[in-house]
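just a sequence and a predicted model for now, questions to come.
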Amino acid sequence: MTQLYEIDGYHYIVDLTPYFVLGVLVIALVCAIAVLLRRILASPFRYPYYVARFDVSGRRNVRIEDYIDRHLMDPAGWDAIVAHRAYIQNWKHEQEEYLKTCRLRSRRERQYAEAVDDDRAFRFITRRDQTRYKQANYMKTSYKVSMDDSELDVNWEWIVERRIRLAAINDEATLRDYHAKNQRRLMTKQLREQIARRDNYTCQICGKYMPDGVGLHVDHIVPVAKGGKTVPSNLQVLCSKCNGRKGAR
Ligand SMILES: [Zn+2]
């Protein structure tokens with residue numbers, strides 16, 4: 001990289017390469033300082049959210065609260081939530097300790113206050129696989145993508161309140177099912193089989209044994225019409241005779 005100068009009839013050839021290199025170095029240094037400064041000034045706080053994803057692929061009329069209820073009723077799910085709650089508390093404690101001695105203290109305190117998000121600490125997300133198609137050269141091919149479907153962010157108080165209400169009904173159903181108007185709709189084939197197995201295919205009044213399931217009824221102990229729920233504690237196996245007699249009363 002050279003430049004030709006003409007001064008007083010003399011020609012000078014000046015090599016500009018060192019100036020160019022110096023310029024590049026200065027720009028690089030300024031950029032490096034800017035990046036470093038940004039990193040120092042940026043918030044170091046990352047709030048540790050609890051995130052649970054529920055796969056709802058192929059399901060219709062999904063209500064995320066039902067999935068949350070089942071997650072809270074599942075001992076493993078509940079343990080994970082309680083452990084994470086402790087983790088958040090610990091994280092906050094550590095950050096507050098750090099704030100006592102850190103540099104740029106007022107800035108850090110403001111950044112910490114912005115990062116703390118207790119009201120939305122627990123994130124529940126439903127996710128579903130969707131089939132997409134792409135057309136190429138007259139060939140249609142399908143592929144799957146996972147998409148977040150819905151999200152509910154709640155705080156610890158919401159979780160505790162929900163857990164207490166579930167405990168009050170002995171974790172026998174999701175809150176929505178328990179309070180559903182149409183309790184008969186909740187009687188599924190699986191539940192029927194579960195009760196039959198539990199009661200050993202035996203009429204709970206006369207003791208008739210019906211291993212082949214013929215004449216076996218699954219009865220609401222407190223009738224649905226009187227507010228009885230479709231939950232295991234309110235269901236029993238009856239034979240047709242005892243079921244008919246009970247109905248007549
Ligand atoms: Zn009977």
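Received, thanks.

against which helices or strands is the helix ranked longest in the chain packed?
Assignment by DSSP state H gives helix 75-101 as the longest helix of the chain. Other helices and strands packing on helix 75-101, by 3 or more CB pairs under 8 Å, 6 or more residues apart in numbering; DSSP states H and E, are strand 50-55, helix 64-73, helix 105-115, helix 156-168. Just so you know, the C-beta spots here come from the backbone N, C-alpha and C atoms, and that holds for glycine as well.

looking at these, which is buried most?
helix 64-73 (a mean of 19; mean count of other CB atoms under 10 Å).

the helices and strands packed on helix 75-101: which one's closest to residue 13?
Comparing those against residue 13 with CB to CB, the closest turns out to be helix 105-115 (53.5 Å).

quick check: mean pLDDT of the closest one?
Helix 105-115 shows a mean pLDDT of 95.

contacts for it, please.
41, 43-47, 95-96, 98-99, 102 (CB atoms under 8 Å, 6 or more residues apart in numbering).

from the residues you listed, pick the one nearest residue 199.
Checking the contacts of helix 105-115 against residue 199 with CB to CB, the nearest one is residue 47 at 49.4 Å.

isn't that closest one up against residue 119?
No - the criterion here is CB atoms under 8 Å, and residue 47 misses it with residue 119 at 11.0 Å.

intersection of neighbour lists for the two?
Shared contacts of residue 47 and residue 119 (CB under 8 Å, 6+ apart): none.

can I assume residue 217 sits in a strand?
Yes - applying DSSP: H, G, I helix; E, B strand; the rest coil, one finds residue 217 inside a strand.

list the contacts for it?
Contacts of residue 217 (CB under 8 Å, 6+ apart): 237-240, 243.

which of those fall within strands?
Members of the contacts of residue 217 lying in strands (criterion: DSSP state E): 237-239.

and the ion, which of the residues you listed reach it?
Intersecting these with the contacts of the ion gives residue 239 (criterion: CB under 5 Å from the ion).

return the member of the ones in strands among the contacts of residue 217 nearest to residue 13.
Closest approach between the ones in strands among the contacts of residue 217 and residue 13, by CB to CB: residue 237, at 106.4 Å.

you'd agree the closest one is up against residue 205?
No - the pair residue 237 / residue 205 is not scored as a contact, 9.4 Å apart, by CB under 8 Å.

which one of those two has more residues nearby?
Neighbour count, other CB atoms under 10 Å: between residue 237 and residue 205, residue 237 has more, with 25 against 16.

residues of stretch 93-105 that come out buried?
Buried residues in stretch 93-105, defined by neighbour count with 16 or more other CB atoms under 10 Å: residue 95.

next one: it to chain centre, how far?
For stretch 93-105, the distance from its own C-alpha centre to the chain's C-alpha centre is 31 Å (CA atoms, centre = their mean, to the nearest Å).

give the contact list for residue 126.
Contact partners of residue 126, counting by CB under 8 Å, 6+ apart, are 53-56, 62, 64, 67, 148-151.
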